[in-house]
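S.K.: quick one, fold the following:
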Amino acid sequence: MHEKLPAVLSAKQLLINESNELRTRLAQVEDNLRIIRAEELDVLRAAEQRMRLATEATGVGIWEWHVSTNQIRWDPQMFRIYGITPTPDGILAYSDWSHCVFPEDLPQQEAILKETASQGGQSSREFRIRQPNTGEYRCIQAVETVRTDASGQIEWVVGTNLDVTERKLVDTAMRESEARLRLFIEHAPASIAMFDHEMCYLAASNRWKQDFGLPDELVIIGRSHYEVFPEIPERWKALHRRGLAGETLNADEDPFERLDGTTQWLKWEVRPWFTADGQVGGILTAAEEVTERMLARKALHQSREDLNRAQAVGQLGSWRLDVGRNVLSWSDENYRIFGVPKETPLTYETFLGIVHPDDREFVNTQWQAALNGTPYAIEHRIVVNKQVKWVREKAYLEFDKAGGLQGAFGITQDITGRKLAELALQEANHQKDAFLAMLAHELRNPLASICNAVHVIHLQGAQEPTLHRATAMIERQVKQLIRLVDDLLDISRVSRGKIVLQKETVEVAAVIRQAVETSQPHIETRQHQLQVELPVSTLRVEGDFTRLAQVVSNVLNNAAKYTDAGGSITVAVAQVGHEAVIRVRDNGRGIDPVALKSLFDLFYQVDRNLDRSDGGLGIGLSLVKSLVDMHGGQVEAHSEGLGKGSEFIIRLPCLSEEAALQATDILANSLAPSRTQRILLVDDNPDVADSMVMLLTIFGHEVLVAHDGKQAVEVALRERPAVVLLDIGLPGMDGYQACRAMRNGGLSDTLIVAMTGYGQEDDKRKAEAAGFDLHMPKPVDVQVLEELLASLPS
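M.R.: Residues are numbered from 1 along each chain as shown. Modelled structure (predicted):
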């Protein structure tokens, strides 16, 4: 037994030693576990720290819902999101959360939570809250997930909340902005379309559809542009590719074929649009149809070209002055007219420097007057390349309300050709007048001789019938020649405005009597019956008695000429309203309606037969119209046709009763008894002188004779006659010089009469200036001359 004791002791010792070793190892394990737990705790704390930093950085709040305890725990971020004061342990009641949720959103949120808690899985939702402490409204994005135990039972629900208010505001703003952009594009008054990178429509204006011929009902949003326009030219696709590559392109005028086959012209721009990351998202295309504008521009260009051509053809330039911009612009033709290169700066001084030196003061004066409102319409000379040209200018000046000059527009016409023609015409007229005056002078001398001779025969009492008829025939033809000469000179004076009416109060009846007396021989020769119908009351007009009598006489002669022998002529006078109406009717040949239009034209003759037995130059009626017009009246002719006679109507304005009462009555001067006068007759034509001596001698006057101016002055100063009948066209000293010499020699009281073949108005003025008392054209009216001599004292 004792022998087994050491063995037992050894075994016990062995167990003790093993136990101690086990304790040592357990202690080591426990130390290791403590180290591991500490490390794990550090890792967990670090993880929690990272999670907290992450949630703080991202604004994400975390919450837990323990289903078994029905406890809800929030992290600090959740409290910040909801604006609720944190609890010490982070635990809060369900109602604390539900009271923050919008009432409208709460039922839906609770249903989602219950569904997630009962069925598991994960859910995501958004809802609105109102922070109880601040009263602010926020938008929350929430995500929940469920954790289950080993048996699959739900232990808790873990979720996150994120305040997405700012993002939602941005999203809303972006949606509103996109909506506004689409609305703007859709209703823009231009063709605008927005495409993505695949050239699919994102937006398009209504005008886009209209301009490109797309039906209104066609939906193009989301469709490819190339699907909508399958036949679009490749060049347009190339432009789109360049735009999608980031290039901006444009064109002012480009043709485009519409779906309906018509071609329109576009002004367009292709511009890329970019995404938030700076990438090209697509292109924005804006187009404007400029077909009408392009056509209008072309039309305007063509119009300007036509205007330039018209100005060149018409030699008519134009100019405009813009005072505000201080710019004077000329048309091409204006530059050509003034011979100025186009690049030359234009000023008023430039223009004035081209004006002829003799006309500059006149032009400048007219322009200064135009600045004060006087119309600017002048003709003047300019010097271009050392050549004188004539221009006609007219301008319209524009003033503001204060009277300040704003601008002006004017025209310049090259009238050099017309002016040279006018000057040539004036010279031709002058030569014509000189010829007519010379013709009249040369005709009057022989006519005067014949006329005087006829008067001598009458006064001597020719009894032989044949001689009497021959004398009457000569007298009629001489009077016709005298009338032709007078008409020629009168129409010449009328055409040049040289006739001056000697107006006075005239009785129309007296005019008719004078005209009838003048035309009576012609009427009697044709054996016409003349009937004169005068008004009972006195009818007066303001006019030239001699010229009015000439008018009526010409019409009467015309009626007598174109009425076959034995016809009827009626002269009727009446007052119609404020006019004196003189009607001359005949039953003669009548007038063709076509001829009525030209009846009063100069040299027009109705009857153009070769025999011209009626004579005449076609002057009488033209002279009638001119003289009536000068009296403010009208003359017209009527006829129902050939063979139905004609009627001439002369209308003259009547004098009012007041004017007629104030007028001086015309006194009839009776012919005074003939008194013997000592007369000096001066004429270089022997026949005229001899015939006139015979007449004056028959009248009982003493006649002295001289045949040139020098001799006339000598005889006049020596014999001192009472009357000098002095011709103008004398050899050596002419009649003007002779008259001055007589006046200077002391013959101030002597009656000196210019008895001459020069009978124009200028001749009368020259005679008066030379000292003549009277001017009597040849052949002298014997009755008028005798009345003049009878009115002088013995």
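S.K.: helix/strand/coil for residue 306?
M.R.: helix (DSSP: H, G, I helix; E, B strand; the rest coil).
S.K.: typo on my end, residue 394
M.R.: Once three-state DSSP is applied, residue 394 turns out strand.
S.K.: what is the neighbour count of the closest residue to it other than its chain neighbours?
M.R.: Distances taken as C-beta to C-beta, 6 or more residues apart in numbering place residue 377 nearest to residue 394, at 4.5 Å, with adjacent residues excluded. From N, CA and C alone the C-beta is placed, and that goes for glycine too. By other C-beta atoms under 10 Å, the residues close to residue 377 number 13.
S.K.: do the one 5 residues further on as well
M.R.: Neighbouring residues of residue 382 were enumerated by other C-beta under 10 Å; the total is 23.
S.K.: so for the host helix or strand of it, what's the average pLDDT?
M.R.: Here residue 382 sits within strand 376-384, counting by DSSP states H and E. Averaging pLDDT along strand 376-384 gives 93.
S.K.: how near is residue 382 to residue 210?
M.R.: According to C-beta to C-beta, to the nearest Å, residue 382 and residue 210 sit 57 Å apart.
S.K.: list the residues that contact the residue nearest to residue 394.
M.R.: 392, 393, 394, 395 (C-beta atoms under 8 Å, 6 or more residues apart in numbering).
S.K.: as JSON lines, the residues you listed with neighbour count and pLDDT would be great.
M.R.: Shown next, in JSON lines, are the contacts of residue 377 (neighbours: other C-beta atoms under 10 Å; pLDDT from 0 to 100):
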{"residue": "392", "neighbour count": "16", "pLDDT": "93"}
{"residue": "393", "neighbour count": "21", "pLDDT": "92"}
{"residue": "394", "neighbour count": "14", "pLDDT": "93"}
{"residue": "395", "neighbour count": "18", "pLDDT": "91"}
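S.K.: which of those residues sits closest to residue 447?
M.R.: Among those, residue 392 lies closest to residue 447 (C-beta to C-beta), at 45.6 Å.
S.K.: wait, doesn't the closest one sit right on residue 417?
M.R.: No. Residue 392 lies out of contact with residue 417 (C-beta atoms under 8 Å); the separation is 11.9 Å.
S.K.: what is the neighbour count of residue 531?
M.R.: Using other C-beta under 10 Å: residue 531 sits among 10 other residues.
S.K.: doesn't it lie inside a strand?
M.R.: Yes. Judged by three-state DSSP, residue 531 forms part of a strand.
S.K.: I'd say it and residue 559 touch.
M.R.: No. Under the criterion of C-beta under 8 Å, residue 531 makes no contact with residue 559, lying 11.9 Å away.
S.K.: show me whatever sits in contact with both of the two.
M.R.: Going by C-beta under 8 Å, 6+ apart, residues that sit against residue 531 and also against residue 559 are residue 569.
S.K.: where's residue 140, which helix or strand?
M.R.: Counting by DSSP H and E, residue 140 is part of strand 137-148.
S.K.: paired strands for the next helix or strand after that strand, with orientation please.
M.R.: Using DSSP H and E, the helix or strand that follows strand 137-148 towards the C-terminus is strand 154-163. If you go by DSSP bridges, strand 154-163 pairs up with strand 60-66 (antiparallel), strand 137-148 (antiparallel).
S.K.: most neighbours per residue, which of the ones you listed?
M.R.: strand 60-66 (a mean of 18; mean count of other C-beta atoms under 10 Å).
S.K.: what does the helix or strand just after it rub up against?
M.R.: Sequence order places strand 71-74 as the next helix or strand after strand 60-66, per DSSP H and E. Residues from elsewhere that reach strand 71-74 (C-beta under 8 Å, 6+ apart): 61-66, 86, 89-94, 97.
S.K.: tell me which of those is nearest to residue 686?
M.R.: Nearest to residue 686 among the contacts of strand 71-74, counting by C-beta to C-beta, is residue 61 at 150.5 Å.
S.K.: ok, and the closest non-adjacent residue to the closest one?
M.R.: Residue 61 sits nearest to residue 78 (C-beta to C-beta, 6+ apart), 3.4 Å away.
S.K.: for the one you found, give me its contacts.
M.R.: 61, 62, 63, 161.
S.K.: between the residues you listed, which is closest to residue 303?
M.R.: residue 161 (75.4 Å).
S.K.: correct me, but that closest one touches residue 141?
M.R.: Yes. Checked against C-beta under 8 Å, the pair residue 161 and residue 141 is within contact range at 7.3 Å.
S.K.: can you pull up the bridge partners for the most centrally placed residue in the chain?
M.R.: For the chain, the residue nearest the mean C-alpha position is residue 409 (10.5 Å; C-alpha atoms, centre = their mean). Beta-bridge partners for residue 409, by DSSP bridges, are residue 320, residue 396.
S.K.: how near is it to residue 429?
M.R.: Distance, residue 409 to residue 429, by C-beta to C-beta: 36 Å.
S.K.: what of residue 294?
M.R.: 56 Å.
S.K.: between those two, which one's more packed in?
M.R.: More neighbours surround residue 294 than the other of residue 294 and residue 429, with 17 against 14 (other C-beta under 10 Å).
S.K.: what's the burial count for the residue lying closest to that one once chain neighbours are set aside?
M.R.: Excluding the flanking residues, the one nearest residue 294 by C-beta to C-beta, 6+ apart is residue 265, at 4.8 Å. With neighbours defined by other C-beta under 10 Å, the count for residue 265 comes to 18.
S.K.: contacting residues for residue 265?
M.R.: Contacts of residue 265 (C-beta under 8 Å, 6+ apart): 253, 254, 255, 256, 289, 290, 291, 294.
S.K.: buried subset of those residues as a ChimeraX selection?
M.R.: Applying 16 or more other C-beta atoms under 10 Å to the contacts of residue 265 leaves a buried subset, and the ChimeraX line that selects it is:
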select :254,256,289,290,291,294
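S.K.: dump the contacts of residue 377 into TSV; add distance to residue 435 as well.
M.R.: Formatted as TSV, those follow (distance: C-beta to C-beta, whole Å):
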residue	distance to residue 435
392	31
393	36
394	37
395	41
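S.K.: so which of the residues you listed comes closest to residue 643?
M.R.: For the contacts of residue 377, the nearest to residue 643 is residue 392 (50.6 Å; C-beta to C-beta).
S.K.: so where's the stretch 201-350 of the chain uncertain?
M.R.: Applying pLDDT under 70 to the stretch 201-350 of the chain flags the ranges 258-259.
S.K.: care to break this protein down by domain?
M.R.: 1-57, 59-163, 170-289, 314-414, 423-494, 500-662, 678-790 (automatic domain parsing).
S.K.: which one of these lies nearest to residue 298?
M.R.: Closest among the domains of the chain, using C-beta to C-beta: domain 170-289, at 10.3 Å.
S.K.: kindly check the end-to-end length of the closest one for me.
M.R.: 37 Å (C-alpha to C-alpha, to the nearest Å).
S.K.: so for the strand holding residue 382, what gets flagged as buried?
M.R.: For strand 376-384, using 16+ other C-beta under 10 Å, the buried residues are 376, 378, 380, 381, 382, 383, 384.
S.K.: my guess is the fourth one contacts residue 354, does it?
M.R.: If I follow you right, that is residue 381. No. Judged on C-beta under 8 Å, residue 381 makes no contact with residue 354 at a distance of 9.9 Å.
S.K.: looking at the contacts of residue 265, which are in strands?
M.R.: Using DSSP state E, the members of the contacts of residue 265 that fall in strands are 253, 254, 255, 256, 289.
S.K.: hang on, the earlier thing: tell me the one of the buried residues of strand 376-384 nearest residue 538?
M.R.: residue 378 (49.3 Å).
S.K.: measure the residue nearest to the closest one when sequence neighbours are not counted to residue 394 for me?
M.R.: Excluding the flanking residues, the one nearest residue 378 by C-beta to C-beta, 6+ apart is residue 366, at 5.0 Å. Plainly put, residue 366 is 11 Å away from residue 394 if you go by C-beta to C-beta.
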